[in-house]
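Chemist: All I have is the shape, not the residue letters:
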Ligand code: DX5
Ligand code: ZN
């Protein structure tokens with residue numbers, strides 16, 4: 001079976017925030033393809049992380065695309081800020097978006113040449129996406145309940161991933177608990193972008209860890 005090119009998007013949630021610019025440079029040098037930025041608002045998830053100002057600073061520190069994952073209740077309110085901060089792709093959660101809101105978000109992102117990702121929590125059924133698929137450049141399947149790095153991969157995402165790959169030909173990203181042990185099944189079942197936080201940032205050799213993830 002011909003495999004797609006696998007992209008690795010390190011989640012900076014597990015980076016040392018005190019030296020974030022250097023951390024991003026380090027994973028860029030180690031062979032990362034995108035930088036995954038986890039934005040949390042304390043409402044949609046029980047944690048608070050970073051906002052558009054940090055995305056804007058990172059834009060000046062790396063040439064890699066910034067893959068911004070909005071785990072927030074009101075993505076429309078903050079959309080302009082994340083567009084202007086230099087996001088290449090903005091992912092919103094299906095749990096907080098109606099079809100009409102997704103259409104509005106898509107229209108604004110298109111004008112600004114930003115790609116749209118739509119995310120699904122582990123407990124949200126795939127059918128929630130059916131009407132949204134045509135609008136998405138990427139689907140992000142969560143393989144942990146969002147909010148924190150370092151959780152264990154939930155295998156319940158695998159049948160969902162396999163079913164999604166049959167009906168969606170564009171980018172599929174899987175996020176949560178990705179390690180050298182869980183990556184092979186994720187790749188085998190149709191994901192072409194892997195987010196990795198704790199596994200990658202804690203690795204002694206980040207370049208080797210990225211190669212291992214890519215090789216599945
Ligand atoms: C979880 C975040 C993930 C997470 C991944 O809410 O969306 O991006 O940080 O971290 P690991 O790879 O440690 O599960
Ligand atoms: Zn994420």
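Modeler: Received it, and whenever you're ready, just let me know what you need. No experiment lies behind these values; they were computed from the predicted model shown. Ligands and ions are numbered 1, 2, ... in the order given.
Chemist: Now the chain against ligand 2: closest residue?
Modeler: Going by CB to the ion, ligand 2 is nearest to residue 69 of the chain, at 3.8 Å. The way it works is simple: take the backbone N, C-alpha and C, and place the C-beta from them, glycine included.
Chemist: helices or strands up against the longest helix anywhere in the chain?
Modeler: Using DSSP state H, we find that the single longest helix of the chain is helix 99-111. Judged by 3 or more CB pairs under 8 Å, 6 or more residues apart in numbering; DSSP states H and E, helix 99-111 is in contact with helix 75-84, strand 89-93, strand 115-120.
Chemist: So what angle separates the directions of it and helix 75-84?
Modeler: 10 degrees (axes from the mean of the first three to the mean of the last three CA atoms, to 10 degrees).
Chemist: So what does the residue of the chain closest to ligand 2 have for phi and psi?
Modeler: phi -100, psi 110 (degrees, to the nearest 10).
Chemist: from what I can see it touches residue 34, true?
Modeler: No. Using CB atoms under 8 Å as the test, residue 69 is too far from residue 34 to be in contact (10.8 Å).
Chemist: In the chain, where is pLDDT below threshold?
Modeler: In the predicted model of the chain, residues 1-3 satisfy pLDDT under 70.
Chemist: mind listing the helices for it?
Modeler: Secondary structure of the chain (DSSP H): helices located at 20-29, 52-59, 75-84, 99-111, 157-167, 183-188, 198-201, 206-215.
Chemist: outside of the third one, which residues touch it?
Modeler: Yep, that's helix 75-84 we're talking about. With contacts defined as CB atoms under 8 Å, 6 or more residues apart in numbering, helix 75-84 is touched by 39, 51-52, 55-56, 68, 70, 72, 90, 92-93, 96-97, 101, 104-105, 108-109, 112, 114.
Chemist: Would you list the buried entries among the residues you listed?
Modeler: The neighbour count (16 or more other CB atoms under 10 Å) marks 39, 51-52, 55-56, 68, 70, 72, 90, 92-93, 96-97, 105, 108-109, 114 as buried among the contacts of helix 75-84.
Chemist: what's near enough to touch the residue of the chain with the smallest separation from ligand 1?
Modeler: Of all residues in the chain, the one sitting closest to ligand 1 is residue 197 (2.7 Å; CB to the nearest ligand atom). If you count contacts by CB under 8 Å, 6+ apart, residue 197 has them with 10-14, 36, 38, 149-150.
Chemist: now swap in residue 126 and tell me
Modeler: Residues near residue 126 by CB under 8 Å, 6+ apart: 120, 160, 163-164.
Chemist: Flag every residue of the chain that's near ligand 1.
Modeler: With the criterion set to CB under 6 Å from any ligand atom, the chain comes near ligand 1 through 11, 13-14, 36, 38, 69, 144, 146-147, 149-151, 175-178, 195-199.
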